[in-house]
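Chemist: Prediction below, plus the sequence it came from.
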Amino acid sequence: MPAQLQPGAIVVVVGPSGAGKDSVIGFVAQHFAGREDIDFVRRVITRPSDAGGEDHESISGEVFDSRLSAGEFAVAWQAHGLKYGIPKQALDRVRAGRILIANGSRAALGQFRQAFPRVAVVNITASPQVLASRLVARGRESEQDILSRLQRQVPDIFDEPDVTTIDNSGPLDIAGSRFAALVAELHGPGSSSNFPSE
């Protein structure tokens, strides 16, 4: 099947705070810069736009609830006192054959799998020591908040068939290159020649 006819997919990036999800997504964005068939989801979050981290659409909790009731999100969830939404337009982009990459949540994977026809999950991990040091360096939370994050119980997803786990404890280019290779594979046989070389 020619590359342009391959079905689209959404790649949901999950993992604990401090694992470096935004950094790995940024690496892949650079790697595939200029590719119209590989795109990134801009999440809607009830967090100030100047709070740091990813580029997102910032809205109030009241507006979020109104948009959720109006059916404007393909997937929506709550975590750490915030509300997150994946705009419904993402479904159209996947149906048009694009590979979308979204920063997601392990607790919301069931919603992603129900909403989208084709889902791949990338679970970014790092050692506990690396997680703690990155969260401290980020400076967004108190020590108690950091401890709470690291102790938070999350669903075990390692054995699920659509999940690829990537350890990002070391240099970013190692984890990023593994992620880029997975994105290339989603286009199927015959399409790898269209991707930039490492």
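Modeler: Perfect, thanks for sending it.
Chemist: CA atoms for contacts and neighbours, from now on please.
Modeler: OK.
Chemist: Pairing partners for the strand or helix carrying residue 86, with directions?
Modeler: Element membership for residue 86 (DSSP states H and E) is strand 82-87. In the sheet, strand 82-87 lines up against strand 44-45 (antiparallel), strand 73-79 (antiparallel) (DSSP bridges).
Chemist: which of those sits most buried?
Modeler: With neighbours taken as mean count of other Cα atoms under 10 Å, those reach their highest mean count in strand 44-45, at a mean of 21.
Chemist: follow-up on the earlier one: can I get the strands paired with strand 82-87 in CSV including distance to residue 21?
Modeler: Listed next are the strands paired with strand 82-87 as CSV, based on distance: least, Cα to Cα, whole Å:
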stretch, distance to residue 21
strand 44-45, 16
strand 73-79, 16
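Chemist: Residue 16: which of those is closest?
Modeler: Residue 16 lies closest, by Cα to Cα, to one member of these: strand 73-79, at 11.8 Å.
Chemist: Just the residues contacting the strand holding residue 86, thanks.
Modeler: 41-47, 61, 64, 72-78 (Cα atoms under 8 Å, 6 or more residues apart in numbering).
Chemist: ok so, going back, make TSV out of the strands paired with strand 82-87 and add distance to residue 16 and mean pLDDT.
Modeler: TSV is the format used below for the strands paired with strand 82-87 (distance: least, Cα to Cα, whole Å; pLDDT from 0 to 100):
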stretch	distance to residue 16	mean pLDDT
strand 44-45	18	96
strand 73-79	12	96
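Chemist: out of the contacts of strand 82-87, which one sits closest to residue 174?
Modeler: residue 41 (23.1 Å).
Chemist: how about the closest one, what does it touch?
Modeler: 86, 90, 100, 101, 102, 103.
Chemist: ChimeraX command to pick out the buried ones of those?
Modeler: Buried residues within the contacts of residue 41, by 16 or more other Cα atoms under 10 Å, are selected in ChimeraX with:
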select :86,90,100,101,102,103
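Chemist: Using CSV, write out every CA atom in stretch 122-129.
Modeler: C-alpha atoms of stretch 122-129 as CSV (Å, rounded to 0.1, in the frame of the first residue of the first chain):
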residue,chain,number,x,y,z
VAL,A,122,4.7,5.4,24.0
ASN,A,123,5.5,5.1,27.7
ILE,A,124,8.4,7.4,28.6
THR,A,125,10.1,6.3,31.8
ALA,A,126,13.2,7.3,33.8
SER,A,127,14.9,6.1,37.0
PRO,A,128,13.4,7.4,40.3
GLN,A,129,16.6,9.4,40.9
